[in-house]
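Asker: Dropping the sequence and predicted coords here.
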Amino acid sequence: MNPPLIIPWWRTVTVVVLAAITILFCRESAPPDIIPEAGVIMDLPTLVGEFWGTAEPVSKSELIMLPGDTEFAKKTYQDISGSALTAQIVLSGGEKRSIHRPEICLPAQGWSIQGGEVIPIALSNGRTLDVMKLTLTRQIEVAPGEYRTMKSYFLYWFVGKNTTTPYHWMRLLKTNWDMITQKKQHRWAYVIVSASVLEGFKPGAKNDEQTLDMLKNFVREAVPKFQLSEMPANERPAKSPAPQDKAVN
């Protein structure tokens, strides 16, 4: 059994104290009339390097569990060799419970988290993006009564208006701090890029290192195509998306 993930006490204290300050501040002043702004466009690119993306429907469980104004963009990518990965953006609406730590939901989906660390990825525009890399495993039945351990890599990060972080606690801190100091509301997006290590499951499939490199290369090329802070100025939309009033179908 894996040891539970332990969050340093000072992170919890920091978030709680900042939240208390925010509540006090809001009570003492009129609430600012701010329209939350997103840091992404909800349109994953179709072509990323040698990978071609196909839109995937959002699961019924996500539509049921998350607020109706949550927006989704999800694609499965595959190259001519048959290598595949999945990319997804979840964009919060008026309610903030659209965004959560994946360490909470992944075990419920049957994955065991073997470890997590922040890794830097050099983007194609010359900048660097820090992402959280989770190493996952689960038992796969390859024949009646015969199981084999499959490994997967799960990369994620959070995107606000002109800000990113791989840490959930930092997202909460930034939310409160920017509200107080800049009267800015972030409409946070949660970006995921993931793939399983299929060596031993599929002939000619990538091994552990090759799978992780594939994901890094995808992030390197894809992020400047949908993350506003990394897009060329002449390619950015005139106005970033605002929360939708209608539910996701």
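Answerer: Now that the structure is in, tell me what you want to look at. Numbering: from 1, shown residues only.

Asker: Please make it C-alpha for all contacts and neighbour counts, starting now.
Answerer: Fine.

Asker: how far does stretch 89-105 sit from the chain's center?
Answerer: Here stretch 89-105 is found 9 Å from its chain centre; the criterion is CA atoms, centre = their mean, to the nearest Å.

Asker: List the contacts of stretch 155-162.
Answerer: Defining contact as CA atoms under 8 Å, 6 or more residues apart in numbering, one finds that stretch 155-162 is touched by 37-40, 130-134, 164-168, 171, 186-194, 227-229.

Asker: do the same with stretch 43-53
Answerer: Applying CA under 8 Å, 6+ apart, the external contacts of stretch 43-53 come out as 54, 73-80, 218, 221-222, 225-226.

Asker: Likewise for stretch 227-241?
Answerer: Outside of stretch 227-241, the residues within contact range by CA under 8 Å, 6+ apart are 37-41, 125, 127, 159, 161-163, 223-225.

Asker: CA atoms only: put it into PDB for me.
Answerer: As requested, the backbone C-alpha atoms of stretch 227-241 are provided in PDB (Å, rounded to 0.1, in the frame of the first residue of the first chain):
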ATOM      1  CA  GLN A 227      -2.800  29.300 -23.500                       C
ATOM      2  CA  LEU A 228      -3.200  33.100 -24.000                       C
ATOM      3  CA  SER A 229       0.000  34.100 -22.100                       C
ATOM      4  CA  GLU A 230       2.100  31.900 -24.400                       C
ATOM      5  CA  MET A 231       0.400  32.800 -27.700                       C
ATOM      6  CA  PRO A 232       1.900  35.300 -30.100                       C
ATOM      7  CA  ALA A 233       0.200  38.700 -29.600                       C
ATOM      8  CA  ASN A 234      -1.200  38.800 -33.100                       C
ATOM      9  CA  GLU A 235      -2.900  35.400 -32.600                       C
ATOM     10  CA  ARG A 236      -4.700  36.200 -29.400                       C
ATOM     11  CA  PRO A 237      -8.400  36.800 -29.500                       C
ATOM     12  CA  ALA A 238      -9.600  40.300 -28.900                       C
ATOM     13  CA  LYS A 239     -11.200  39.300 -25.600                       C
ATOM     14  CA  SER A 240     -10.700  36.200 -23.500                       C
ATOM     15  CA  PRO A 241     -13.800  34.000 -23.000                       C
END
